[in-house]
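A.B. asks: I'd like to go over a predicted model; first the sequence, then the structure.
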Amino acid sequence: MMPTYYEFYNPVKINAGTEALETIPYEMGMMGVSRPLVVTDPGIVRAGLLEHVLRGFRDSNLTIGAIYDQTPPDSSLEVVNEIARIYKETRCDCLVAVGGGSVIDTTKGVNIVVSEGTDDIASLTGADRLSKPQRPLIVVPTTSGTGSEVTQVAVISDTRNNVKLPFTSNLLMPRLAVLDPRMTMSLPPKITAATGMDAMTHAVEAYTCLQKNPLSDAYAVAAIGLLRDNLIETVKQGNDAKRRFALANASLMAGTAFSNSMVGAVHGIAHALGAVAHIPHGLANSILLPYVMRFNLDNPRMAELYGELLLPLAGDEAFARAAKRERPRKAIETIVLMNHALNKACGMPNKLGEAGVRREQFAQIVEKAMEDGAMISNPKMVNASDVLEILELAF
Ligand SMILES: [Fe+2]
């Protein structure tokens, strides 16, 4: 069913593949900037990944203005303000994010502060609140899940109020995304699994959200196919550059899909689980995805769309074997089996209790989830008792 009107936006240049990192200085020259602030985290430095990026700069005539390598796993307003101060003091003119979701979103937050000239970034939370062109931002993802390198979204924690603040604006789009297989080769199995299922959730929710359109559908379906063929094998055997590159592409495509459609209740509840119980984002999504799909299933339109997703999820033979009315349930079952396989391969928890959530946190999780913007775009209305039931079932 074609929408009568839709918008699709992805202005991010993508340099991907062998030695993609080496193109960064040239690209910066083309952007007319020469003094980057590099934002990363201690794990990236320890794993020797930052070195791959810096090596490319040494042969150029660009000067790195500063390196901030202390980004925590959960980006926060305090860290954003601290890095923005360094950016101004060292007179940088652009930003390079090297890391996973927290590093990328933190860097987008820094960009908001320095570009908008504000010292109260929290006042700009929400949709389309930014007014100034942002500084050029180059993103080098080191996980394959968030898709933040191609999205207009940043989520930053307000640790004082235990809430995750979303920022969405076309202005937040990076200028360049660099996918280089070297950057994800050493990602540990559990993080590979959880971030991969984050990408899976982006694709499934993008394909079923109210703003879905033919272009976001194409990206979502392609991403699911790549995840089906590569995620479990990569978790079992991580040092395969071709599979790592396939997962990076899946993540980027799923990101493009949801940035132009939306995410729904899986993300709404996962954000609350992150804020209240500090469950990693991808892990929360992987556990919740089949339960939210079952909740959505009694909506006939959702059943139809989940049925279509059996094709990329399970492949053409399994799709052809399943009767049309069985396909939606088989699609959900395929995701459950994928989660079980990931559990077997690396111990990724399949239940909230195993992941460290406590029942007494449920009331607060429900309350936060109901305030989350992603709940509105869920294809089926969700109320507080629905969220509680989903949590109970996933516990
Ligand atoms: Fe996500």
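C.D. replies: That came in fine, so what should we check first?
A.B. asks: for Gly353, see how far away Met200 is.
C.D. replies: From Met200 across to Gly353, the span is 22 Å (Cβ to Cβ, to the nearest Å). All C-beta atoms are positioned from the backbone trio N, CA, C, and that covers glycine.
A.B. asks: neighbour count for those two, which is higher?
C.D. replies: More crowded of Met200 and Gly353, by other Cβ atoms under 10 Å: Met200, with 28 against 12.
A.B. asks: secondary structure element holding the more buried one?
C.D. replies: Assigned by DSSP states H and E, Met200 falls within helix 189-208.
A.B. asks: again with Ala177
C.D. replies: strand 176-179.
A.B. asks: how far off centre is whichever helix or strand comes after the helix holding Met200?
C.D. replies: Sequence-wise, the next helix or strand downstream of helix 189-208 (DSSP H and E) is helix 214-236. Centre-to-centre, helix 214-236 and its host chain are 14 Å apart (Cα atoms, centre = their mean, to the nearest Å).
A.B. asks: and helix 214-236, which residues are buried?
C.D. replies: Buried positions in helix 214-236, judged by neighbour count with 16 or more other Cβ atoms under 10 Å: 215-217, 219-232, 234-235.
A.B. asks: report the mean per-residue pLDDT for that helix.
C.D. replies: Averaged over helix 214-236, pLDDT sits at 98.
A.B. asks: and it, what does it pack onto?
C.D. replies: Contact here means 3 or more Cβ pairs under 8 Å, 6 or more residues apart in numbering; DSSP states H and E; on that basis helix 214-236 packs against helix 189-208, helix 241-259, helix 300-314, helix 327-346.
A.B. asks: okay, the angle between that helix and helix 300-314?
C.D. replies: 40 degrees (axes from the mean of the first three to the mean of the last three Cα atoms, to 10 degrees).
A.B. asks: distance-wise, check the residue lying closest to Ala127 once chain neighbours are set aside relative to Val140.
C.D. replies: With sequence-adjacent residues excluded and distances taken as Cβ to Cβ, 6 or more residues apart in numbering, Ala127 is closest to Thr168, at 4.8 Å. According to Cβ to Cβ, Thr168 stands 22 Å off from Val140.
A.B. asks: Glu326 too?
C.D. replies: Counting by Cβ to Cβ, the gap from Glu326 to Val140 is 43 Å.
A.B. asks: more crowded one of the two?
C.D. replies: Taking other Cβ under 10 Å, Glu326 and Val140 do not tie; Val140 has more neighbours (29 against 13).
A.B. asks: picking that back up, give the rounded mean pLDDT of the helix holding Met200.
C.D. replies: 98.
A.B. asks: where along this protein do the strands fall?
C.D. replies: All strands of the chain, identified by DSSP state E, fall at 13-16, 36-39, 66-68, 94-99, 126-127, 137-141, 153-158, 163-168, 176-179.
A.B. asks: out of these, flag the one nearest Val366.
C.D. replies: Closest approach to Val366 among these (Cβ to Cβ): strand 163-168, 14.1 Å.
A.B. asks: how far out from the middle of the chain is the closest one?
C.D. replies: Per Cα atoms, centre = their mean, the displacement of strand 163-168 from the mean C-alpha position of its chain is 14 Å.
A.B. asks: again with stretch 99-108
C.D. replies: Worked out by Cα atoms, centre = their mean, stretch 99-108 lies 10 Å from the chain centre.
A.B. asks: repeat that for stretch 233-252.
C.D. replies: Using Cα atoms, centre = their mean, the offset of stretch 233-252 from its chain centre is 16 Å.
A.B. asks: and if you look at stretch 310-326?
C.D. replies: Worked out by Cα atoms, centre = their mean, stretch 310-326 lies 27 Å from the chain centre.
A.B. asks: what does that stretch contact?
C.D. replies: Val221, Ala222, Ile224, Gly225, Arg228, Gly307, Arg327, Pro328, Lys330, Ala331, Thr334, Ile335 (Cβ atoms under 8 Å, 6 or more residues apart in numbering).
A.B. asks: name the nearest of those relative to Ala246.
C.D. replies: Closest approach between the contacts of stretch 310-326 and Ala246, by Cβ to Cβ: Gly225, at 9.6 Å.
A.B. asks: show me what contacts the residue nearest the centre of the chain?
C.D. replies: What sits nearest the mean C-alpha location of the chain, by Cα atoms, centre = their mean, is Thr146, with 1.8 Å. If you count contacts by Cβ under 8 Å, 6+ apart, Thr146 has them with Gly100, Gly101, Ile104, Asp105, Thr195, Asp198, Ser251, Gly255, His281.
A.B. asks: with that, I have no additional questions.
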